[in-house]
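A.B. asks: give me a model of this one.
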Amino acid sequence: MRDVVTLAPTPTKVLIRSRLIVWSRRLLNSAGNVYLGTGRDGKLFRIGADGEGALLYKAAESDVTALC
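C.D. replies: Just a heads-up that it's a prediction; the model follows:
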């Protein structure tokens, strides 16, 4: 068996916010949505397969450190 090395895809900016720190991420559904939990402001964002970001939830806590 041979080892195979492949290049990663080119990074694409999909959500631009000042001071955004991502503590957790999760791919949850077959539609290709990615969910990001952030620190400092306790927000949960959804990034759609089209690259568009949307705020889903603002937690009372300052950090969203886990998504299940």
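A.B. asks: show me what contacts the residue most central in space within the chain?
C.D. replies: By CA atoms, centre = their mean, the mean C-alpha position of the chain lies nearest to Leu36, the distance being 3.2 Å. Residues in contact with Leu36 (CB atoms under 8 Å, 6 or more residues apart in numbering) are 15, 22, 24-25, 44-47. Glycine gets a C-beta too; all of them are placed from N, C-alpha and C.
A.B. asks: residue contacts, the nearest residue to it once chain neighbours are set aside?
C.D. replies: Spatially, and ignoring its direct neighbours in sequence, Leu36 is nearest to Phe45 (4.6 Å; CB to CB, 6 or more residues apart in numbering). Phe45 makes contact with 15, 35-36, 38, 53-56, according to CB under 8 Å, 6+ apart.
A.B. asks: list the beta-bridge partners for Phe45.
C.D. replies: Beta-bridge partners recorded for Phe45 (DSSP bridges): Leu36, Leu55.
A.B. asks: so what are the sheet partners of the lowest-mean-pLDDT helix or strand in the chain and their directions?
C.D. replies: Within the chain, no helix or strand scores below strand 21-27, which has a mean of 80 by mean pLDDT, DSSP states H and E. Counting by DSSP bridges, the strands paired with strand 21-27 are strand 34-39 (antiparallel).
A.B. asks: from Leu7, how far off is the residue nearest to Val22 when sequence neighbours are not counted?
C.D. replies: Nearest non-adjacent residue to Val22, counting by CB to CB, 6+ apart: Leu36, 5.0 Å away. Separation of Leu36 from Leu7 (CB to CB, to the nearest Å): 24 Å.
A.B. asks: now do Gly51
C.D. replies: Separation of Gly51 from Leu7 (CB to CB): 20 Å.
A.B. asks: which one of these two has more residues nearby?
C.D. replies: Legend: neighbour count by other CB atoms under 10 Å for Gly51 and Leu7, higher for Gly51 (11 against 5).
A.B. asks: and the more buried one, how far from Pro11?
C.D. replies: Taking CB to CB, one finds Gly51 at 12 Å from Pro11.
A.B. asks: many thanks, I have nothing further to ask.
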